[in-house]
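# the following comprises the amino acid sequence and a computationally predicted model.
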Amino acid sequence: DAGITQSPRHKVTETGTPVTLRCHQTENHRYMYWYRQDPGHGLRLIHYSYGVKDTDKGEVSDGYSVSRSKTEDFLLTLESATSSQTSVYFCAIRDLTSGSNEQYFGPGTRLTVT
Amino acid sequence: AQSVTQLGSHVSVSEGALVLLRCNYSSSVPPYLFWYVQYPNQGLQLLLKYTTGATLVKGINGFEAEFKKSETSFHLTKPSAHMSDAAEYFCAVTSIQGAQKLVFGQGTRLTINP
């Protein structure tokens, strides 16, 4: 258990509304990641962070923004949700102490955009 | 750029039979390779990893995988399937350096028949 929590765990929202998902970690890891999981696509990277206020885009970043104002929290925002953003969102941390730098995943947030 | 192909979106085996889940990767730099397992409505759990050194790696729950550079493969095996192995399995690749963004295959759903 890498001490990762995600909130909310489930959310239903309407098209066009803003949505913010939160990832919280308790172990002071520098790297944090947001992925989305869709059938047939596995997981795809949306954005990642390598430190406070340091973020970069991933493979599927369009329509998403992120912020990291403190080490423990990494926020993912959908400025104006669309039905194509219905997905399961996973946050991950990278454990630099492990040697192989493996990533550990949170429990996920299931988002439905109607 | 890196990519992962998992052959077979669904694999079905009988309890006690050999499990073989196939993963081929593409990477222009030396890769780190991972297998993750996802049980229904849960996050991803690391099964095993290859970084450097021994090409046959052992993981949790009796699974193992062999890194074959010449074949660009990292197939997952278990000698004898158990009902509790039913889950979705993901192969992932990342590079040794940099942000180590994981690139996932599309996943293979493993069904165990009694």
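The structure has been received and is ready for your questions.
# quickly find the element holding residue A:69.
Per DSSP states H and E: residue A:69 is located in strand A:64-70.
# and chain B, is the next helix or strand after that strand touching that?
Sequence-wise, the next helix or strand downstream of strand A:64-70 (DSSP H and E) is strand A:73-78. No. Applying Cβ under 8 Å from any Cβ of the partner chain, one finds strand A:73-78 separated from chain B by no less than 14.0 Å. All C-beta spots, glycine's among them, are computed from the backbone N, C-alpha and C.
# who in chain A is up against chain B?
Near chain B, when you scan chain A using Cβ under 8 Å from any Cβ, you find A:31, A:33, A:35, A:40-45, A:48, A:50, A:56, A:58-59, A:90, A:92, A:94, A:99-108.
# report pLDDT for the nearest residue in space to residue B:104 that is not next to it in sequence.
Leaving aside its sequence neighbours, residue B:104 sits nearest to residue A:42 (Cβ to Cβ, 6 or more residues apart in numbering or on different chains; 3.6 Å). With respect to pLDDT, residue A:42 has a value of 92.
# one more: residue B:52?
Note for residue B:52: predicted pLDDT of 85.
# wait, a strand at it?
No. Assigned with DSSP: H, G, I helix; E, B strand; the rest coil, residue B:52 falls outside any strand and is coil.
# got the phi and psi for it?
Here is the backbone geometry of residue B:52 (degrees, to the nearest 10): phi -140, psi 170.
# can you get me a residue count around it?
Neighbourhood size, residue B:52 [other Cβ atoms under 10 Å in any protein chain shown]: 11.
# from the residues of chain A next to chain B, list just the buried residues.
Among those, those buried by neighbour count (16 or more other Cβ atoms under 10 Å in any protein chain shown) are A:31, A:33, A:35, A:42-45, A:48, A:58, A:90, A:92, A:94, A:101-106, A:108.
# just to revisit the earlier point, just checking, the residue nearest to residue B:104 touches residue B:107?
Yes. Applying Cβ atoms under 8 Å, one finds residue A:42 in contact with residue B:107, separated by 5.1 Å.
# which residues do the two both contact?
Shared contacts of residue A:42 and residue B:107 (Cβ atoms under 8 Å, 6 or more residues apart in numbering or on different chains): B:6, B:90.
# need the contact partners of the worst-scoring helix or strand of chain A on mean pLDDT.
Lowest by mean pLDDT, DSSP states H and E among the helices and strands of chain A is strand A:103-105, with a mean of 92. The contact list for strand A:103-105 (Cβ under 8 Å, 6+ apart) reads A:2, A:4, A:33, A:35, A:90-95, B:36, B:43-46, B:100, B:102.
# stretch B:34-46: end-to-end distance?
7 Å (Cα to Cα, to the nearest Å).
# repeat for stretch B:37-52
From its first residue to its last, stretch B:37-52 covers 22 Å (Cα to Cα).
# give me the buried positions along that stretch.
Buried residues in stretch B:37-52, defined by neighbour count with 16+ other Cβ under 10 Å: B:37, B:38, B:43, B:44, B:46, B:47, B:48, B:49, B:50, B:51.
# which of the residues you listed fall in strands?
In strands, judged by DSSP state E, the following of those are found: B:37, B:38, B:44, B:46, B:47, B:48, B:49, B:50.
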